[in-house]
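Colleague: could you work out the structure for the sequence below:
(chains A, B, C and D)
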2 protein chains.
Amino acid sequence: MKKQSGEQPLGVKEIARRANVAIATVDRVIHNRPGVSPKTKSKIEAIIRELNYQPNILARRLASRHVLRLATLLPKVSSEETDFWTLPVAGIQKAEEEIKQFGVKIEPYYFDLNNRKSFAKVAKQILKNPADGILLAPSFIEESVSFIRSCKELKIPYVFINSDIPQQESLCYIGPDLFRSGYQAGQLIHYCTPRDTRVLVLNVSHEIEDHHHLLRKEEGLRAYFANTARPIVKKDIQQTDPASIEKVLTKALQQHPDTRAVFVTNSRVAAVSRFLEKRARKNKDQNILLIGYDFTKENVSRLDQGHIDFLICQQPGEQGYRGIMALYQHLVMKVPVEKTHFMPIDIITKENHAFYI
Amino acid sequence: MKKQSGEQPLGVKEIARRANVAIATVDRVIHNRPGVSPKTKSKIEAIIRELNYQPNILARRLASRHVLRLATLLPKVSSEETDFWTLPVAGIQKAEEEIKQFGVKIEPYYFDLNNRKSFAKVAKQILKNPADGILLAPSFIEESVSFIRSCKELKIPYVFINSDIPQQESLCYIGPDLFRSGYQAGQLIHYCTPRDTRVLVLNVSHEIEDHHHLLRKEEGLRAYFANTARPIVKKDIQQTDPASIEKVLTKALQQHPDTRAVFVTNSRVAAVSRFLEKRARKNKDQNILLIGYDFTKENVSRLDQGHIDFLICQQPGEQGYRGIMALYQHLVMKVPVEKTHFMPIDIITKENHAFYI
DNA sequence: CTGAAAGCGCTTACAG
DNA sequence: CTGAAAGCGCTTACAG
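Modeller: The predicted structure follows:
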């Protein structure tokens, strides 16, 4: 079949012909470049509208000598802490694979989640040789706000993934709705445990920065049980080593022997599962439901062994992939991008994790 | 930044220069077209290998006057039955939107799920003016096998979605692992109901063709409980009207008053939920867990009202999207395609359905 | 069996 | 402020 049987899409050539100008002039108008008299400009613009001109992206990228650079600013993957960020990075690579044909190049930068100064330092590096677009995880709010202020000045679009800073004019946010994920955890607990038993909420984190995020999940959980008599107790564990976890948990469970569900508000659920496993061996009668977050290697392995019951996951790979694609859509295709994209709240179990990601 | 600073990707021009032939001859070799002497051919092939030549897809699609036609053969969406197939269709449209710039066109064909002859009829239409690739839901096995026999003869690649016919040399299969989804349902029942209570499996379908699929799900569920004492009973309901469902269910629940979970092996779970709702009103004491399949409008609405507990879903939209993309990858990008792609087994609840799809 | 040339719809120096 | 022309890396008639 031959192309364009029927409605021939008209191009710059036809626009130039109708406007009685050279193609180069049409090009100037299309890209809003200077050097066109107002009169010529409006004439060409009228014709563009009339023809409903759609640029041919293939031709554009083929002819252009400009390669589009996208910088990513994400936490470094640290095997000691959590390998969560390997998945977004993989998603970003997949996106790059798909669009590198179109002259898009990704420049990855990494900061240390335990060191807010490293964020600022790496951010400064990015600004030294600014990319055309930026994808970032705004883990440190203050530093992120300062960084994107510079981006705004340079008119560089930026996308947030995994956590949001609202009201910052980002191109878009792609990540979880923390509150609703906590709410979902509430429902699972409701289904799986007797309704008069206690729920223990654990925030295991020394990163104070995280706290706001963890609180939103806790709020979601509490909201689910708002109109019930369900007893809920919360513990913050700031030291994340096994001994500290053991100490806090032992005490909490002694204090509240009616606990039948533990909700860990982040990926540290694996560490908690270790303690509960040990405890269950001594104490056969008590079966405690354990729910936590994130598809890390360790969590999945603990899930598979039956020491974690549910993991709530939000497609971290897809977040990276879509973040890049959003920048691409915006910069190359020039199509509008959805401002907020909440990821599905996926419930991962021993039985379905093999099909995830 | 200028393009190709560094490793200049070499193209046909350079190959032609090195082989001392015209570009047209290189093109013939690249596309394995006739009219090249064996000697010239092998010489060019050697250079292509040596240079690790990667064709520029942009240039290829821009220069080519050939538009790639992909036919889709799917069940017609019938509002009376189920709107399940609207989602794959939407996924296909999304894919088309993304790749129509590259001269890909989708030609949709629909058959009637209640009429196997309609499948054969529409399939014949497709063969009258064969597309370059085909995406189909092989709902009727015999007719599908006969259709793809013709496709094989014509060397047209085809992709199965939603259900598979193994050993048919399809380019790939994209859809659920039915057995494992039944297994997952088993786990949810295990978590949510007392372990000595009964599980009722319902196959609600007059389409005998379906039966094999439904059985796989049932087998998965039974496998989960294989080494337990859990009582399981199965009922087939061949008439799908409310009265027939009511009749069978009333009898089954009378016969087995210890039933605390009902597993419906397909999207007909909404109809079952109607009966159970009615029954619960009369019979307050008995709370029965209800699990079924598919993200149809009606099912989601029943889920939202609390009359269905869990829906197992397998990203129908994504199946359509990926099916088209697989054909595109194969035909345009010429990259190898994964033979089997099982979709995640998603657990959808009242609390997370709003974030799905 | 092989090659020279036009063209796909754009962008980009460069000249005026 | 404007235009003529070369070129992006391919494919496609057409000529020999």
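Colleague: so where do the strands sit in the stretch 51-200 of chain A?
Modeller: Along the stretch 51-200 of chain A, the segments classed as strands by DSSP state E, counting those that start in this stretch run A:68-75, A:104-111, A:133-136, A:158-161, A:172-175, A:198-204.
Colleague: and the third one, what does it pack against?
Modeller: With contacts taken as 3 or more CB pairs under 8 Å, 6 or more residues apart in numbering or on different chains; DSSP states H and E, strand A:133-136 sits against strand A:68-75, helix A:141-154, strand A:158-161, helix A:316-328. Just so you know, the C-beta spots here come from the backbone N, C-alpha and C atoms, and that holds for glycine as well.
Colleague: cool, the first one as well?
Modeller: In this structure, strand A:68-75 makes packing contacts with helix A:86-99, strand A:104-111, helix A:116-128, strand A:133-136, helix A:316-328, judged by 3+ CB pairs under 8 Å, 6+ apart.
Colleague: kindly recompute the last result at 6 Å.
Modeller: Helices and strands touching strand A:68-75, by 3 or more CB pairs under 6 Å, 6 or more residues apart in numbering or on different chains; DSSP states H and E, are strand A:104-111, strand A:133-136.
Colleague: and the strands of the stretch 51-200 of chain A as JSON lines, adding distance to residue A:249, mean pLDDT and mean neighbour count?
Modeller: Shown next, in JSON lines, are these (distance: least, CB to CB, whole Å; pLDDT from 0 to 100; neighbours: other CB atoms under 10 Å in any protein chain shown):
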{"stretch": "strand A:68-75", "distance to residue A:249": "27", "mean pLDDT": "95", "mean neighbour count": "23"}
{"stretch": "strand A:104-111", "distance to residue A:249": "31", "mean pLDDT": "95", "mean neighbour count": "18"}
{"stretch": "strand A:133-136", "distance to residue A:249": "35", "mean pLDDT": "97", "mean neighbour count": "28"}
{"stretch": "strand A:158-161", "distance to residue A:249": "32", "mean pLDDT": "97", "mean neighbour count": "26"}
{"stretch": "strand A:172-175", "distance to residue A:249": "29", "mean pLDDT": "96", "mean neighbour count": "24"}
{"stretch": "strand A:198-204", "distance to residue A:249": "8", "mean pLDDT": "95", "mean neighbour count": "23"}
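Colleague: nearest to DNA strand C, out of these?
Modeller: With CB to the nearest atom of the strand as the measure, strand A:68-75 is the member of the strands of the stretch 51-200 of chain A nearest DNA strand C (10.7 Å).
Colleague: so residue A:119 is in contact with residue A:141, correct?
Modeller: No: between residue A:119 and residue A:141 there is no contact under CB atoms under 6 Å: 10.3 Å.
Colleague: want to try JSON lines for the strands of the stretch 51-200 of chain A, with distance to DNA strand C as columns?
Modeller: Listed next are these as JSON lines, based on distance: least, CB to the nearest atom of the strand, whole Å:
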{"stretch": "strand A:68-75", "distance to DNA strand C": "11"}
{"stretch": "strand A:104-111", "distance to DNA strand C": "14"}
{"stretch": "strand A:133-136", "distance to DNA strand C": "17"}
{"stretch": "strand A:158-161", "distance to DNA strand C": "23"}
{"stretch": "strand A:172-175", "distance to DNA strand C": "24"}
{"stretch": "strand A:198-204", "distance to DNA strand C": "51"}
